[in-house]
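In: following is a predicted model, sequence given first.
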Amino acid sequence: MAEIEGLYTALRSARNERHRERILADLAQAGRRLTALAQPPQGTRGSVRPRSRWERRRLLAARGADLVAAFATGDGWRHLARSKGRA
């Protein structure tokens with residue numbers, strides 16, 4: 001990810017068209033490598049193991065406790081939006 005950020009920064013300050021094309025090619029290659037790393041290996045099921053009823057209950061209780069703590073400290077609405085992917 002840091003390589004992509006560095007290439008993007010270099011792209012913004014490219015000297016000429018040839019330099020810009022080279023950076024774009026490197027950026028595309030880095031993006032393909034990152035995509036390959038982010039995908040799960042072929043032939044395996046997802047890495048999430050099934051949870052028991054008690055594990056699910058503990059997880060939900062922990063989420064509820066986090067939400068209560070967030071509202072108690074005044075950060076509740078931002079915390080709620082973040083957990084839903086809105087912030």
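Out: Okay, I see it. Note that this is a predicted model, so its numbers are computed, not measured. Residues are numbered from 1 along each chain as shown.
In: give me the phi and psi angles of the most centrally placed residue in the chain.
Out: With distances taken as C-alpha atoms, centre = their mean, the residue of the chain nearest its centroid is Ala38 (9.8 Å). In terms of degrees, to the nearest 10, the main-chain angles of Ala38 are phi -80, psi -20.
In: likewise for Arg51?
Out: Here is the backbone geometry of Arg51 (degrees, to the nearest 10): phi -100, psi 150.
In: you'd agree it is up against Leu59?
Out: Yes. Using C-beta atoms under 8 Å as the test, Arg51 is close enough to Leu59 to be in contact (7.2 Å). For glycine as for every other residue, the C-beta is placed from the backbone atoms N, C-alpha and C.
In: now Arg51: how far from Phe71?
Out: Arg51 sits 26 Å away from Phe71, going by C-beta to C-beta, to the nearest Å.
In: I meant to write Glu21 there.
Out: The separation that Glu21 has from Phe71, given C-beta to C-beta, amounts to 52 Å.
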